[in-house]
Structures are given as C-alpha cells and as structure tokens.
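S.K.: Prediction below, plus the sequence it came from.
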Amino acid sequence: MEKNEELSLQLEQFAEIAESLNTNEHILTTTITVNLNSTNFLKIVNEVEQFVKVKIDKAQPKISLDINNVEFIFIKN
C-alpha cells in the first residue's frame, strides 16, 4: 500500500506544479521536461497507466502528459 501512495504522490506533485503555474497570468504555455533514471521512469509510466487506464509501451524512452494545460515530458536516461 505504501508503494501506491508514493506513486500517486508523484503525480500529485506535478499537478500542484501545474496548478501553481496556471495562476500566473503572464505565462501562456508551459512545457516541463523531467529526466529520470530507468527505475523512476517506470514508476511514472505505471502511475500514468493507472491514472489514464491505458497501457503505455514501456520500451518508449519518452512520454508526455498534459496536466491542467501544462505539458510534462518524462524522458528515460
């Protein structure tokens, strides 16, 4: 159970960042690139899969997710 809480916390943190950026009227669009090691990349991919209820090809080196009009690009290093 603790693992699931940790995973959902990651997406929640990104959602908080997106919400914070949306309150700034001077920012029109935002793209955030997040470079992750293989382990953390897979954690994010799994969490996104659970969130959107769609399978993601885990062999991809990059995925993107739009949260509150902020694009997050996750890259596996």
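M.R.: Done, it's in. Computed from a prediction, not measured in an experiment: that's the story for all the values here.

S.K.: How about the secondary structure of residue 34?
M.R.: What DSSP: H, G, I helix; E, B strand; the rest coil gives for residue 34 is strand.

S.K.: Use 14 as the first number from now on
M.R.: I'll keep to 14 as the first residue from here, and by that count the last item is residue 47.

S.K.: Near the residue nearest to residue 75 when sequence neighbours are not counted, how many other residues are there?
M.R.: Spatial nearest neighbour of residue 75, chain neighbours left out: residue 88 (5.0 Å); criterion: CB to CB, 6 or more residues apart in numbering. From N, CA and C alone the C-beta is placed, and that goes for glycine too. Other residues near residue 88 come to 14 when the count uses other CB atoms under 10 Å.

S.K.: Show me the helices in the chain, by range?
M.R.: Along the chain, the stretches classed as helices by DSSP state H are 15-35, 51-65.

S.K.: Quick check: nearest residue in space to residue 90, chain neighbours excluded?
M.R.: Once chain neighbours are set aside, the closest to residue 90 by CB to CB, 6+ apart is residue 48, at 5.1 Å.

S.K.: What residues does residue 45 make contact with?
M.R.: Contact partners of residue 45, counting by CB atoms under 8 Å, 6 or more residues apart in numbering, are 30, 83, 84, 85, 86.

S.K.: try 10 Å
M.R.: Contacts of residue 45 were listed using CB atoms under 10 Å, 6 or more residues apart in numbering, and they are 27, 30, 31, 34, 77, 80, 83, 84, 85, 86, 87.

S.K.: Of these, which is the nearest to residue 55?
M.R.: The shortest approach to residue 55 among the contacts of residue 45 belongs to residue 87, at 10.3 Å (CB to CB).

S.K.: Looks like the closest one contacts residue 71 (just checking).
M.R.: No - counting by CB atoms under 10 Å, residue 87 stays clear of residue 71, with 11.9 Å between them.

S.K.: How about residue 40: what's its closest non-neighbour residue?
M.R.: In space, residue 40 comes closest to residue 34 once its chain neighbours are excluded; the distance is 5.8 Å by CB to CB, 6+ apart.
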